[in-house]
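Asks: Based on what follows, work out the 3D shape:
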Amino acid sequence: MQKVAVLLSGSGRTLDNFQQQIEAGRLKADIQVVISNVGNALGLEKARKYGYPAFHAVGSAATNAILADYQLDLIILAGYLKLYQPPEQLRRRVLNIHPSLIPAFCGPGFYGHHVHEAVLKRGCTVSGCTVHFADEVYDNGPIVLQRCVDIADCQTADEIADRVFALECEVYPAAINVVDERGAEQFWMRH
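Replies: Reported below is the predicted structural model:
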């Protein structure tokens, strides 16, 4: 069971999914705290509704000051739209999900809808998502899991986004479980 902090910037859709997966016994995680860099993020309201301590903090230093009060195994980025610098003891313990198959459509400027628009413009017939450990470079850390989805019949970036997010709801919890089973260090040894 991984003790996790969830960092988010928006509506908390991924937090909703984690909560459902935990309740169903499919996610081996215990959410200790939720932090947002956006004070009025709906995700903070949802976190409080679920009974999690929820805080607004701007910047890595303020976030890490809050995290210092918790014993954590992983920090989970769930739509957190800032480059995050973890405390040293958690430097190789930050997971992120990206809405493409890394190394395609990733790096600075490639987030959220920008990714799906680029995938559509390029004419891709598949897309997907990648769960990876985060480091100081966008979308660079070791990959934990990747899965793809057929998008050949998608006509809009919104259609692609919907299919990829549905896939993310399966893959992110599965990746956390893989880290729980194998340990984080295994992934960094290959990187």
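Asks: can you give me the strands for the protein?
Replies: Along the chain, the segments classed as strands by DSSP state E run 2-8, 29-36, 54-56, 74-77, 94-98, 126-133, 143-150.
Asks: Format the ones you listed as a markdown table; extra columns: distance to residue 113 and mean pLDDT.
Replies: Placement of C-beta: from N, CA and C, glycine included. Formatted as a markdown table, the strands of the chain follow (distance: least, CB to CB, whole Å; pLDDT from 0 to 100):
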| stretch | distance to residue 113 | mean pLDDT |
| --- | --- | --- |
| strand 2-8 | 17 | 96 |
| strand 29-36 | 20 | 97 |
| strand 54-56 | 24 | 97 |
| strand 74-77 | 17 | 96 |
| strand 94-98 | 13 | 94 |
| strand 126-133 | 13 | 96 |
| strand 143-150 | 17 | 96 |
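Asks: where in the protein is pLDDT low?
Replies: Residue ranges of the chain with pLDDT under 70: 191.
Asks: what's the domain layout of it?
Replies: Listed by automatic domain parsing, the domain ranges of the chain are 1-91, 96-191.
Asks: Any chance of those domains in JSON lines with mean neighbour count as columns?
Replies: Shown next, in JSON lines, are the domains of the chain (neighbours: other CB atoms under 10 Å):
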{"stretch": "domain 1-91", "mean neighbour count": "18"}
{"stretch": "domain 96-191", "mean neighbour count": "17"}
